[in-house]
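A.B. asks: what would the 3D arrangement of this be:
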Amino acid sequence: MNNKVLWLFIYSVAMALLESAVVVYMRRLYYPENPLELFPLRFLNQYDPILEISREVSTVLMILAVAFLAGYETWTRRFAAFVFVFGTWDLFYYVWLKVLMDWPQQWLEWDVLFLIPMIWLGPWICPALIALLFMVWGGWAMSTPREVCFTKRSTLVFVLGALFGLVAFMQPPLTVEPDALIDYVPGTFWWPLYGVSVSMMALAFGMTARAEELNVASK
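C.D. replies: Okay, the predicted model is just below:
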């Protein structure tokens, strides 16, 4: 089981290097004057959105496929494998960007996070912290010899927390007209809602650990 976690970790770090290399090329292409300066979003009027969205969909499918190929029998462990790979990949994506092009340069520097179903924006540290949470819980859930499971309550808490996070990331571009996005410069971020989101997802993960303890005690 620990060998599985190790290989999933290696896969995720390698995948993160590939992803960050693509972004380095894109930044040099769309921001030749200064690849470290992402805003205003000048790249929106130059790139092929269908191609970029296809790349993002392919990335998620690759993570999902390797989570199933890990061979776990329960849905909770499969989900753990998915969030572990996703979190490790996302966290090391920023590590590799720092190594390859010395970005980000500030803790609260903004980034374009995702494009599905619309553009997500936020300080890079926000998805990185969620990725760290996913990585830690996913690694634990795959490594523990005991049974780990989501209850209806913990599932609801996690889903609501994830939805709150989506709202926080999608809120900034909703404040401007679509045609004005190419001139958008980050302003305020909904930190309280983001904090609630992370807290709820962490609580849901903690509830799975508590459910495990209760299950063992009942036996």
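A.B. asks: so what touches stretch 187-200?
C.D. replies: Contact partners of stretch 187-200, identified using Cβ atoms under 8 Å, 6 or more residues apart in numbering, comprise 122-123, 126, 129-130, 133, 157-158, 160-162, 164-165, 167-168, 171-172, 175. (C-beta placed from N, C-alpha, C; glycine too.)
A.B. asks: in it, which residues are buried?
C.D. replies: 189, 190, 194, 196, 197, 198, 200 (16 or more other Cβ atoms under 10 Å).
A.B. asks: next one: stretch 69-84
C.D. replies: Using 16+ other Cβ under 10 Å as the test for burial, stretch 69-84 gives 70, 72, 76, 77, 78, 79, 80, 81, 82, 83, 84.
A.B. asks: OK, contacts around residue 175?
C.D. replies: Per Cβ under 8 Å, 6+ apart, neighbours of residue 175: residue 187.
A.B. asks: any weak-confidence spans in the protein?
C.D. replies: Counting by pLDDT under 70, the ranges of the chain that qualify are 1, 43-47, 178, 211-219.
A.B. asks: quick one, helices of it?
C.D. replies: 2-30, 49-69, 75-101, 125-143, 152-174, 191-218 (DSSP state H).
A.B. asks: of the ones you listed, which is nearest residue 42?
C.D. replies: helix 2-30 (6.5 Å; Cβ to Cβ).
A.B. asks: right, I'll call it a day here.
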